[in-house]
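**Student:** What shape does this take:
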Amino acid sequence: MGEMTATAVLMMLPRRARTPVAVLTDGPVPSSLRLDVFGGREVFVRMRRGPGAHGVAEPYREQPRDDFPVESDPAVVVDPARFEQARFACSASVFGATDVVVFVPLDAGGAPPARVRVPIPSLDRPSWHEFELVSRTRMECRYRVVQQHDAVPTGGSRALSAL
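**Tutor:** Numbering: from 1, shown residues only. Model prediction:
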C-alpha cells in the first residue's frame, strides 16, 4: 500500500488507555468497531448518525460488551494483523491531542502505507495533511510531515511543523 488517503478519522478514548486512540479508514464510516489491542477487546459505537463529513473526526464511545447485541459483529476489527500502531508528527493539529495512538491499515503484504493523507475539516473543498513514513520498529511506525521540497497535490495541505 504505497499511499493512503484516509476518508475518516475514528476517535475514541478507551477506559484502559491514557491517550486518545484514532483509527484511520479509507472506506465508509463504520457503525461500530472493536479494538483487539492493548490486551483487551473493547467495543465502540459511533456517536453520530448519518454519513461521514470530510475531515470531521468521528467520535466513538466505549460500549459495555454485555450491552452490545450478541448477534451483531463490529463493523471493523482493529487488530495487529490488519492495523499498525503509529505516531504522527503534529498530532495536535491533526487529531486534537499531542499524544495520540493512531492505527493505520496494512496492505495485503502486511506493510503500512509509505504516505498517508489525513483529511482536514472543510465545508467548501476537501483537503488534507500529508505525512510520510520515516521509521518502523517492532512496536510502531513514525510519520513526519512531507518535506517542503516535495510536491503537494492539488487541494492538499501540510501540517504546521515537522518531526
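
**Student:** Give me the pLDDT for residue 66.
**Tutor:** Looking at residue 66, its pLDDT reads 73.

**Student:** Distance-wise, check it relative to residue 43.
**Tutor:** 10 Å (CB to CB, to the nearest Å). No exception for glycine: its C-beta is placed from N, CA and C like everyone else's.

**Student:** Looking at those two, which one has more neighbours?
**Tutor:** Neighbours were counted for residue 66 and for residue 43 using other CB atoms under 10 Å; residue 43 has more, 19 against 6.

**Student:** my read: that one touches residue 60, true?
**Tutor:** No - Residue 43 is beyond contact range of residue 60, at 9.5 Å (criterion: CB atoms under 8 Å).

**Student:** Give the intersection of the neighbour lists for the two.
**Tutor:** Contact criterion CB atoms under 8 Å, 6 or more residues apart in numbering; residues shared by residue 43 and residue 60: 32, 33.

**Student:** which parts of the lowest-mean-pLDDT helix or strand in the chain are buried?
**Tutor:** Ranked by mean pLDDT, DSSP states H and E, the weakest helix or strand in the chain is helix 91-95, scoring a mean of 84. By neighbour count with 16 or more other CB atoms under 10 Å, helix 91-95 contains the buried residues 91, 94, 95.

**Student:** burial measure for the closest residue to the last one other than its chain neighbours, as a count.
**Tutor:** Leaving aside its chain neighbours, residue 95 sits nearest to residue 22 (5.2 Å; criterion: CB to CB, 6 or more residues apart in numbering). Neighbouring residues of residue 22 were enumerated by other CB under 10 Å; the total is 26.

**Student:** Quick check: next helix or strand after the least confident helix or strand of the chain?
**Tutor:** Next in sequence after helix 91-95, counting helices and strands by DSSP states H and E, comes strand 101-105.

**Student:** Which elements pack onto the longest strand along the chain?
**Tutor:** Identified as the longest strand of the chain according to DSSP state E is strand 127-136. If you count contacts as 3 or more CB pairs under 8 Å, 6 or more residues apart in numbering; DSSP states H and E, strand 127-136 packs onto strand 115-120, strand 141-145.

**Student:** winner for burial among those strands?
**Tutor:** Mean neighbours per residue, mean count of other CB atoms under 10 Å, is largest over these for strand 115-120, with a mean of 22.
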